[in-house]
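Q: Structure for this input, please:
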Amino acid sequence: MQIPWRNISWVVLVLVACSYQTCNGQDYGGDEKTVAAPPPEQENCDGIFITYNFDGREKIYPLVKNVSAQGWSFKSMLTVLNAGTFELKSWQVFIGFQHNELLVSADGAVAIDGDGFPVRVGKNGTTLAGYPQSDLKTAIDTAGDFTQMSAQINIKGTQFGLREKTNPMPSTIKLVNEGYKCPAPKRYKSYMHVCCKRDLKFKPKKVVTKFMPRRYGDLSITYDVLSAFTNRYQAQVTLDNLNPLGRLDHWNLTWEWMRNEFINTIKGAHTHKIDPSECIYGPQGQYYKDFDFTPVINCQKKPIISDLPKEKANDDKFGKLPYCCRNGTLLSPIMNETEARSIFQMEVFKLPPDLNRTALNPPQNWKITGTINPSYSCGPPVRIDPSVFPDPKGIGIATAVASWQITCNITRPKPKAAKCCVSFSAYYAASVIPCNTCACGCEETSKCDANKKPLLLPPEALLVPFENRDLMAKAWSNIKHLGPMPKKLPCPDNCGVSINWHVDSNYKTGWTARITLFNWGNDAFENWFSAIQMKKDVANGYENVYSFNGTRLPKEKSNTIFMQGLPGLKFLVGEVNGTNPNKDPRVPGKQQSIISFLKKNTPHINVDAGDGFPSKIFFNGEECALPPEFPKNTAAFKSKFGVFPAVLLALLTFFLLTDRLH
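A: Numbering: from 1, shown residues only. Next up, the predicted model:
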């Protein structure tokens with residue numbers, strides 16, 4: 001009978017280590033026990049050997065007849081073994097879950113695309129990162145110590161949509177660390193494995209650091225331990241915005257303490273909740289029996305932290321830190337490198353068994369959000385070489401006790417989940433293609449259609465709130481013979497900021513566009529910026545922005561035009577009342593400018609065929625939802641007057657706006 005090695009691979013690994021201690025630790029003169037050999041697949045792997053074993057499942061309440069709605073609790077085991085000759089730093093394994101799984105726990109790992117368990121992975125899978133054992137050493141460096149070479153992850157979760165006699169396996173498992181290649185895993189009924197080997201074509205950067213090198217991300221967060229004591233340490237958190245199109249306003253930062261830590265004091269920021277009760281009635285109070293928890297800042301497992309307002313910058317107790325107290329604003333490094341960084345410090349208390357100076361564990365499951373800003377996905381903390389700072393005494397430099405980096409990257413907004421939207425119009429088309437229906441989400445859809453295409457509008461409709469556009473849209477449809485109106489009209493876009501891109505002219509040597517920004521909210525945007533990403537190499541013809549401060553970005557973002565307000569025009573104000581509030585609708589805050597392009601560097605473009613419209617538009621770092629189409633040129637006419645009228649209009653607009661400010 002053939003022994004099913006694949007189902008007991010991990011057990012064998014543990015037995016190898018245990019049997020050495022129990023059977024060979026002392027010589028009593030008895031016969032030595034023979035330990036079973038590992039499976040052949042593992043023996044032949046000279047890289048990272050990964051296995052996934054499905055341990056079983058059972059039906060859970062509520063019991064329903066609908067197979068797709070019936071829930072099952074399941075257990076499985078993931079093992080990661082370093083069978084190669086290179087240490088694996090910060091291991092990360094992707095598991096292709098595909099049965100609407102909800103992961104409840106994963107002992108020995110964290111989900112990097114979630115904010116703590118439970119994590120709903122749906123049908124797209126998830127990536128697990130090792131914690132607390134994030135690095136896997138080699139057999140050479142550990143004399144074959146499997147406890148340092150391997151990690152065992154016990155997974156528990158819930159899944160849906162499966163019949164009783166099936167074994168719901170993932171679609172794949174693979175190592176996602178840079179520099180490794182994984183073939184398709186070998187699959188069995190309830191077991192799968194893969195051997196991932198180093199990519200011979202991958203050329204790693206020469207690293208002279210003891211720990212992992214710092215990584216580039218759109219947003220880099222550094223967790224530095226400045227000083228360490230037996231039961232507490234002083235930590236500094238640094239936020240660095242590295243993406244020229246990234247930005248955060250009124251940022252909220254959160255994480256998860258994994259070992260019952262709590263924040264005793266904080267400087268340069270504040271927690272949303274100040275309540276010591278969770279410490280008093282929790283394990284913290286059981287250990288620190290005589291500790292006065294009254295002044296403790298926060299005892300939450302998942303605290304929410306925000307920046308302080310500017311008025312606290314010189315406060316002796318809470319302020320007086322460099323880069324603090326900016327009301328939660330992280331500007332683009334193009335706008336101001338100094339204001340692209342934020343810092344705060346805190347005193348963290350620990351609990352047993354971590355009562356020594358070197359027992360330092362950063363929090364996990366980091367997440368950061370802003371207002372109308374891009375969404376960020378953050379990875380796990382990665383140990384890096386200690387940070388260095390100017391010595392407070394002014395002599396030499398100071399070094400952190402330990403440092404970790406959390407890398408966050410911007411994610412594209414999901415459909416109907418943007419925070420700003422774009423409308424398109426052109427000199428050759430009478431109608432405006434407005435923002436998409438529910439571009440920024442829809443909560444109430446009983447009186448409108450969330451899936452209907454938006455109605456074409458006259459240009460003047462862009463200046464009025466959505467609830468005042470119905471009559472204008474109906475009248476416009478009758479005038480232009482656009483066809484019958486639907487009984488259930490499309491829902492609004494529900495965006496607080498909208499942008500209109502208008503192709504203004506097209507002549508022999510160049511063309512112009514006009515961009516208009518509308519703020520439909522009550523609050524003004526200070527130091528706003530917008531960025532236009534053009535198709536192909538259209539931005540090579542960029543000449544000037546006339547009413548904004550505009551520049552073309554260099555290198556890999558050379559197809560992007562960056563714009564911000566001129567001095568005195570850096571506020572995009574909110575909505576205000578109309579001339580007669582009793583009958584006139586509210587008026588949005590708006591700013592606009594003409595942008596001119598020359599054709600000598602881009603003679604091949606066809607402006608009227610769609611090359612004059614951008615592929616992406618950003619506002620304060622958030623990618624705005626674009627219409628699915630652009631105006632078609634049915635008349636096929638071009639401007640006879642060139643760029644002069646457009647420039648004149650831009651200058652006139654600028655002077656009028658400036659005059660209003662004075």
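
Q: and residue 409, what is it in contact with?
A: 217-219, 376-377 (Cβ atoms under 8 Å, 6 or more residues apart in numbering). Quick note: C-beta positions are derived from backbone N, CA and C, even for glycine.

Q: is it in a bridge, and if so with what?
A: residue 377 (DSSP bridges).

Q: Kindly provide the distance from it to residue 378.
A: To residue 378, residue 409 is 8 Å away according to Cβ to Cβ, to the nearest Å.

Q: Mind listing the shared neighbours of the two?
A: By Cβ under 8 Å, 6+ apart, the residues touching both residue 409 and residue 378 are residue 219.

Q: before we move on, the earlier item: JSON lines please, covering the contacts of residue 409 and showing neighbour count.
A: Formatted as JSON lines, the contacts of residue 409 follow (neighbours: other Cβ atoms under 10 Å):
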{"residue": "217", "neighbour count": "21"}
{"residue": "218", "neighbour count": "19"}
{"residue": "219", "neighbour count": "24"}
{"residue": "376", "neighbour count": "24"}
{"residue": "377", "neighbour count": "17"}
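
Q: how about those in TSV, adding pLDDT and distance to residue 323?
A: Compiled in TSV, these are given as follows (pLDDT from 0 to 100; distance: Cβ to Cβ, whole Å):
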residue	pLDDT	distance to residue 323
217	93	18
218	96	18
219	97	14
376	94	19
377	92	24
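
Q: and which of those is nearest to residue 203?
A: Checking the contacts of residue 409 against residue 203 by Cβ to Cβ gives residue 217 as the nearest, at 21.2 Å.

Q: Run a quick neighbour tally on residue 375.
A: 21 (other Cβ atoms under 10 Å).

Q: and it, what is it in contact with?
A: Residue 375 makes contacts with 369, 410-411, 413, as judged by Cβ under 8 Å, 6+ apart.

Q: for residue 202, same thing?
A: Contacts of residue 202 by Cβ under 8 Å, 6+ apart are 178-179.

Q: quick one: pLDDT of it?
A: If you check residue 202, the pLDDT there is 83.

Q: where does the stretch 151-300 of the chain dip in pLDDT?
A: Residues of the stretch 151-300 of the chain that meet the criterion pLDDT under 70 lie in 204-209.

Q: ditto for the stretch 501-650 of the chain
A: 634-650.

Q: For it, which segments count as strands?
A: 510-519, 525-526, 529-533, 542-545, 549-552, 560-564, 571-572, 589-598, 616-619, 622-623 (DSSP state E, counting those that start in this stretch).

Q: now do the stretch 301-450 of the chain
A: So, for the stretch 301-450 of the chain - with DSSP E, counting those that start in this stretch - the strands run 304-307, 341-349, 364-369, 375-378, 382-384, 388-390, 397-399, 402-411, 420-426.

Q: Need the winner for burial among those strands.
A: Ranked by mean neighbour count, the strands of the stretch 301-450 of the chain are led by strand 420-426 with a mean of 25 (mean count of other Cβ atoms under 10 Å).

Q: the inter-axis angle of that strand versus strand 529-533?
A: Between strand 420-426 and strand 529-533, the angle comes out at 60 degrees (axes from the mean of the first three to the mean of the last three Cα atoms, to 10 degrees).

Q: circling back to that earlier point, using TSV, please lay out the contacts of residue 375 together with distance to residue 506.
A: Putting these into TSV (distance: Cβ to Cβ, whole Å) gives the following:
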residue	distance to residue 506
369	41
410	33
411	36
413	31
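
Q: Dump the strands of the stretch 501-650 of the chain into JSON lines; add mean neighbour count and distance to residue 111 as well.
A: Shown next, in JSON lines, are those (neighbours: other Cβ atoms under 10 Å; distance: least, Cβ to Cβ, whole Å):
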{"stretch": "strand 510-519", "mean neighbour count": "24", "distance to residue 111": "37"}
{"stretch": "strand 525-526", "mean neighbour count": "18", "distance to residue 111": "34"}
{"stretch": "strand 529-533", "mean neighbour count": "23", "distance to residue 111": "31"}
{"stretch": "strand 542-545", "mean neighbour count": "19", "distance to residue 111": "43"}
{"stretch": "strand 549-552", "mean neighbour count": "17", "distance to residue 111": "40"}
{"stretch": "strand 560-564", "mean neighbour count": "22", "distance to residue 111": "33"}
{"stretch": "strand 571-572", "mean neighbour count": "20", "distance to residue 111": "38"}
{"stretch": "strand 589-598", "mean neighbour count": "21", "distance to residue 111": "41"}
{"stretch": "strand 616-619", "mean neighbour count": "22", "distance to residue 111": "29"}
{"stretch": "strand 622-623", "mean neighbour count": "22", "distance to residue 111": "25"}
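
Q: Straight-line length of stretch 475-487, end to end?
A: Across stretch 475-487, the terminal residues are separated by 15 Å (Cα to Cα, to the nearest Å).

Q: neighbouring contacts of that stretch?
A: 430-431, 449, 452, 455-458, 461, 473-474.

Q: Among these, which ones are in helices?
A: 473-474 (DSSP state H).

Q: All the helices of this structure, residue numbers only.
A: Under DSSP H, the chain gives helices at 9-24, 40-43, 139-142, 146-149, 277-280, 283-287, 470-480, 644-661.

Q: ranking those by mean pLDDT, which is last?
A: It's helix 9-24: among those, that one has the lowest mean pLDDT, namely a mean of 42.

Q: give me every residue that touches residue 41.
A: Residue 41 makes contact with 6, 49, 186, 193, 195, according to Cβ under 8 Å, 6+ apart.
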